[in-house]
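Student: The sequence and its predicted three-dimensional model are supplied below.
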Amino acid sequence: METDIPLRDIMVREVVTGRGDMNVRDAAKLMRKYDVDSIVVVNESGQPVGIVTQSDIINELVSRDTTPSTVKLEEVMTTPVITGSPNDRVSDIAKKMAAERIRKLPIIEDGKLVGIVADVDILAVSSQMNSILADLIEMHVERDIISRESEGITQGICEKCGCFSNDLVMKDGLMVCESCKEELELEEGD
């Protein structure tokens with residue numbers, strides 16, 4: 001079964017890291033430079049002690065009108081950081097991420113940070129995981145619908161066919177892919 005593969009097969013090995021005393025402005029520059037939406041905060045030994053996401057920056061700084069260069073990562077990071085091992089199974093980690101309501105999971109081996117897995121990495125692995133992954137997506141769909149309502153786009157599992165789509169739209173009270181939207185419109189026309 002595809003969901004029984006180890007994390008080492010899907011993890012991203014290049015992880016953007018920063019120290020707790022790094023300011024948020026410099027961290028945001030690193031995130032933009034490497035086109036990532038999180039930075040793992042590490043101690044002097046390179047062990048993860050926290051994680052900062054774009055959402056953390058928006059919630060903690062932008063909404064409070066705080067200057068990013070005056071705030072350290074250690075002040076806004078999520079801690080303790082939940083981690084996994086390269087040998088952990090994708091299915092187990094998907095359940096853990098859903099239960100803990102996290103989207104990023106640093107991977108530790110022999111006390112060292114060796115990679116990171118995101119919910120989208122797990123989504124890409126297997127369509128067989130829809131029931132487990134639906135929990136991961138469900139916690140973000142409502143927020144995405146509200147924040148992208150004016151654009152009319154979001155990503156997730158189509159509520160009609162069960163397939164993953166980058167372009168879900170609201171139709172008849174369901175978040176559906178473009179194909180299912182067209183089918184629903186055809187059904188309405190009959």
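Tutor: Received, thanks. Note that this is a predicted model, so its numbers are computed, not measured.
Student: in stretch 181-190, what's buried?
Tutor: With burial defined by 16 or more other CB atoms under 10 Å, the residues of stretch 181-190 counted as buried are K181. (Glycine included, C-beta is placed from N, CA and C.)
Student: Also stretch 99-114?
Tutor: For stretch 99-114, the buried set under the neighbour-count rule, 16+ other CB under 10 Å, comprises I102, R103, K104, L105, P106, I107, I108, L113, V114.
Student: Please list all residues in contact with the last one.
Tutor: The neighbours of V114, taking CB atoms under 8 Å, 6 or more residues apart in numbering as the test, are M11, R13, P86, I107, I108.
Student: Am I right that it sits in a strand?
Tutor: Yes. Assessed by DSSP: H, G, I helix; E, B strand; the rest coil, V114 belongs to a strand.
Student: Can you give me the distance of it to T83?
Tutor: Shown here: V114 relative to T83, a distance of 10 Å by CB to CB, to the nearest Å.
Student: Please save the CA atoms from the helix or strand V41 falls within in CSV.
Tutor: Following DSSP states H and E, the helix or strand that holds V41 is strand 38-42. Taking Å, rounded to 0.1, in the frame of the first residue of the first chain, the C-alpha atoms of strand 38-42 are listed here in CSV:
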residue,chain,number,x,y,z
SER,A,38,7.9,28.3,7.2
ILE,A,39,11.2,28.4,8.9
VAL,A,40,12.4,25.8,11.5
VAL,A,41,14.0,27.5,14.6
VAL,A,42,17.0,25.5,15.7
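Student: Show residues contacting that strand.
Tutor: 15-20, 27, 30-31, 48-54, 73-74, 77, 79, 81, 104, 106, 113, 116.
Student: Would you mind checking these for buried ones?
Tutor: Buried among those (16+ other CB under 10 Å): 15-18, 20, 27, 31, 48-53, 73-74, 77, 81, 104, 106, 113, 116.
Student: From these, which land in strands?
Tutor: Per DSSP state E, strands hold the following members of these: T17, G18, P48, V49, G50, I51, V52, T53, K104, P106, L113, I116.
Student: just the buried residues of stretch 99-114 now: which is nearest D172?
Tutor: R103 (28.8 Å; CB to CB).
Student: Do a quick rundown of the helices in the chain.
Tutor: Ranges of helices in the chain, per DSSP state H, are 24-33, 54-60, 73-76, 90-100, 119-125, 130-148, 178-189.
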